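A.B. asks: 3D, please:
(one chain, ligands or ions: 1)
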Amino acid sequence: MKRYLMLAVTMLVAVMVGCGKNDSTGKKKAFISIGTGSMTGVYYPVGSAIMKLVNKDKTGVDIKAKVESTGGSVYNINAVINGDLDFGVAQADRQFQAVKGLQEWQGKPQTKLRAICSLHPEIITLVATDASGINTLADLKGKKVNIGNAGSGNRGNAEQVLKIAGIPLESFTAESLNAGECPKMLQDGRIDAFFFTVGHPAGTIKEATAGKRKVHFVPITGMAELIKECPYYAVADITATYYPMSSSKKDVPSIGMMTTFVTSADVPEDVVYKVTKTIFSNLDELKKMHPALSNLTKAGMLKGLSAPLHPGAEKYFKEIGIL
Ligand code: GLU
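C.D. replies: Below is the predicted model of the structure:
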């Protein structure tokens, strides 16, 4: 009996999430979920910031948003397409690949994916212990290196830069850990280095640099070909002053891309309209909610998108005259 009751409650919750229903006053109420990343990454606090703003705003559709900690970009895109999540944070390169049917979506272009806007920039970040002697990508050979969990965006980035650098995955022990586990593994000496594509400053990186073992950032250079081939990549430096405990005292060159905010064509227009409006009309507040967001501009947030804009977002952008 209890089991059936549980099942009924679960089904009711499942029906309520992602779709609208009217409350006692007749006003439309919607429950939405936002997929992020590991809790100490930047997606999680950024998704939480959007959630707080949406839950506070009482105009239009009454939305109750919640965030979920997930495996990252690839997981979020797939969950949004499947309807398991309503919104997700995802790297611009992953959005591009899903829409074009590349990498994880090889031969299967994802037609339901919709873009809302870009958020903060992310950088492919390779963190290594000083003791490992890893100072270039070539030094990874023979070491124990985390390239990322299957649902992450960074796993594909690590594979791409290693391919360009001519370092086969078989030449080192490649781990598939979630980024959140890496600082401890690095500090415990159970891995020598880890890749994480993330905005800065990031909790994970602060944690990794703050332990007894000294760590530094490894430059990712020689990527001109990759940048030329892939419109979403750009050169970017990791700001050393964000991590005073790291042995890297100067900014470290790498490549990066934008973080984007995505949804599905199945999410109702009025819900996406309200979420978009909340983000853009509270931009000054949003920029103060995480240092990685501090340079956001309305114009910049319309760049780096490859999926079609969701009609709800498009409606808002036209209304404020930025489209
Ligand atoms: N870019 C990472 C990924 O897609 C997540 C970064 C973060 O959590 O801030 O897996």
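
A.B. asks: Over to the nearest residue to residue 72 once chain neighbours are set aside. Which of the three states is it?
C.D. replies: Among residues not flanking residue 72 along the chain, residue 152 sits closest, at 3.8 Å (CB to CB, 6 or more residues apart in numbering). Backbone N, C-alpha and C define where each C-beta goes, glycine included. Under DSSP: H, G, I helix; E, B strand; the rest coil, the three-state class of residue 152 is coil.

A.B. asks: Give me the secondary structure label for the closest residue to residue 259 other than its chain neighbours.
C.D. replies: With sequence-adjacent residues excluded and distances taken as CB to CB, 6+ apart, residue 259 is closest to residue 119, at 4.4 Å. Classification of residue 119 by three-state DSSP places it in strand.

A.B. asks: Tell me the spacing between residue 119 and the ligand.
C.D. replies: Separation of residue 119 from the ligand (CB to the nearest ligand atom, to the nearest Å): 10 Å.

A.B. asks: got it, and residue 180?
C.D. replies: Residue 180 is 8 Å from the ligand, by CB to the nearest ligand atom.

A.B. asks: What is the neighbour count of that residue?
C.D. replies: When counting by other CB atoms under 10 Å, one arrives at 19 neighbours for residue 180.

A.B. asks: Am I right that it is in contact with residue 44?
C.D. replies: No. Checked against CB atoms under 8 Å, the pair residue 180 and residue 44 is beyond contact range at 9.2 Å.

A.B. asks: Would you mind grabbing the residues shared as contacts by those two?
C.D. replies: Taking CB atoms under 8 Å, 6 or more residues apart in numbering as the criterion, residue 180 and residue 44 both touch residue 38.

A.B. asks: OK, contacts around residue 189?
C.D. replies: Each residue near residue 189 by CB under 8 Å, 6+ apart is listed here: 129, 213.

A.B. asks: Look at it and give its secondary structure.
C.D. replies: Residue 189 ends up coil, using three-state DSSP.

A.B. asks: Quick check: the gap between it and residue 195.
C.D. replies: 18 Å (CB to CB, to the nearest Å).

A.B. asks: Near the ligand, which residues of this structure are found?
C.D. replies: Proximity of the chain to the ligand, by CB under 6 Å from any ligand atom, involves residues 37-38, 41-43, 72-73, 91, 122, 152-154, 197-199.

A.B. asks: Mark which of those residues are part of helices, please.
C.D. replies: Within the residues of the chain next to the ligand, residues falling in helices by DSSP state H are 43, 73, 154.

A.B. asks: Hmm, residue 160 and the last one touching each other?
C.D. replies: Pointing back at residue 154 there. No. Counting by CB under 8 Å, residue 154 stays clear of residue 160, with 10.3 Å between them.

A.B. asks: where's residue 99, which helix or strand?
C.D. replies: helix 92-100 (DSSP states H and E).

A.B. asks: Sorry, wrong one. I was asking about residue 206.
C.D. replies: helix 203-209.

A.B. asks: helix or strand for residue 272, which one?
C.D. replies: Residue 272 is part of helix 269-281, with elements assigned from DSSP H and E.

A.B. asks: just how off-centre is that helix within its chain?
C.D. replies: Distance of helix 269-281 from the chain centroid (CA atoms, centre = their mean, to the nearest Å) equals 19 Å.

A.B. asks: can you list contacts of that helix?
C.D. replies: Counting by CB under 8 Å, 6+ apart, residues outside helix 269-281 touching it are 20, 28, 30, 32, 50, 53-54, 57, 59-61, 63, 65, 86-87, 114, 116-117, 261, 263, 286, 298, 301, 310-313, 315-317, 320.

A.B. asks: Out of these, list just those in strands.
C.D. replies: 20, 28, 30, 32, 63, 65, 87, 114, 116, 117, 261, 263 (DSSP state E).

A.B. asks: who touches the residue nearest to residue 259 in this structure?
C.D. replies: Applying CB under 8 Å, 6+ apart to residue 119 gives the contacts 46, 89, 258, 259, 260, 261, 293, 296, 301.

A.B. asks: same question, residue 234
C.D. replies: Residues in contact with residue 234 (CB under 8 Å, 6+ apart) are 227, 255, 256, 257.

A.B. asks: Look up phi and psi at it.
C.D. replies: phi -150, psi 150 (degrees, to the nearest 10).

A.B. asks: now swap in the one 5 residues further on and tell me
C.D. replies: Note on residue 239: its backbone torsions stand at phi -80, psi 110 [degrees, to the nearest 10].

A.B. asks: That concludes my questions; thank you for your assistance.
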